[in-house]
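Chemist: here is my input, please return the structure:
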Amino acid sequence: MKAVYLFFLLFTPVLLAQQVESISKTPLKADEFIGIDAFENIYFTTNMELHKTGLDGDFVFNDLQLGPITSVDIINPLNVVLFYEDTNTVVLLDNKLNEIERINFNNLPQFLNINTATNAGNNRLWIFNIDTQQLELFNYRSLTNTVVSQPFSGTLVSQTSNFNYCYLLTENKALVFNVYGSLLSEITVEGYTKVIQQDEKVMGVKENSLYYLADISKGKTKIYPEAIKISLPEITIKDLHLTQEFLYIYDGKNIHILKLTAPKK
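Modeler: So this is what the prediction gives:
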């Protein structure tokens, strides 16, 4: 126990010392800012359409019959994942926003009622099954699903993922699972509206502020003794996106580009 406490004492100042440097801002008129990929292309939605603009060109995808876009996952720009909750449908797009594949979960041999879908790699999606209140891995090639979590209590507020981990936020918990179905972390939180991740660090948005919640490293969980607020300029957080070094915050008019700078040794 003393060793754990000592770890917190040593590790927490490092996080607090991390600096956030304002780089620039870019005007954007959008309903929702999705993010910026590794090739510096900007993704956003307007009028139920997904837009991609940047060095690759300008591209648009829409299918108004599917309803409003619930979420967009751009972790793999060659396989963009769109989820439409109203019609229980996922659409996969290529790097020019051409449709690759469509999965209507209403028409599967075993009906699935979901409210999230993000990329898990290897032809799989992280999905949250509303009927069972469980996180699942769904293979859209074999049309099979694997239960990852025990049933949840409460409402799922936010989900984000990469190819190794899935991060979930409910009204009072932040949870982290790996692809083998192991619960790596269960953190008590209140009042958070969004969970995001960067370099295996779990972060949460609460009352227009961003906090560190936990760190996943080499299969182990490092939970901070308390949520650590990240010092940011005074910007309204409407949407935000993280990459390895940069934090992008959309305030409804501009994308603010901030650099996360590690403390000097």
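Chemist: which residues in this protein form helices?
Modeler: 2-17 (DSSP state H).
Chemist: which residues does the residue nearest to the spatial centre of it contact?
Modeler: Nearest residue to the geometric centre of the chain (C-alpha atoms, centre = their mean): Thr160, 2.8 Å. The neighbourhood of Thr160, defined by C-beta atoms under 8 Å, 6 or more residues apart in numbering, consists of Thr118, Cys166, Tyr167, Val195, Ile196, Gln197. From N, CA and C alone the C-beta is placed, and that goes for glycine too.
Chemist: could those go into TSV alongside distance to Lys96?
Modeler: As requested, the contacts of Thr160 are exported to TSV (distance: C-beta to C-beta, whole Å):
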residue	distance to Lys96
Thr118	21
Cys166	28
Tyr167	29
Val195	30
Ile196	27
Gln197	27
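Chemist: what about burial for those, which qualify?
Modeler: With burial judged by 16 or more other C-beta atoms under 10 Å, the buried subset of the contacts of Thr160 is Thr118, Cys166, Tyr167, Val195, Ile196, Gln197.
Chemist: of all the residues you listed, which comes closest to Ile255?
Modeler: Lowest distance from Ile255 to the buried ones among the contacts of Thr160 (C-beta to C-beta) belongs to Ile196, with 15.5 Å.
Chemist: of the buried ones among the contacts of Thr160, closest to Pro27?
Modeler: Checking the buried ones among the contacts of Thr160 against Pro27 by C-beta to C-beta gives Ile196 as the nearest, at 23.0 Å.
Chemist: okay, that closest one: pLDDT?
Modeler: You'll see Ile196 listed with a pLDDT of 91.
Chemist: who does it form a beta bridge with?
Modeler: Judged by DSSP bridges, the bridge partners of Ile196 are Met203.
Chemist: please consider this matter closed, and thank you.
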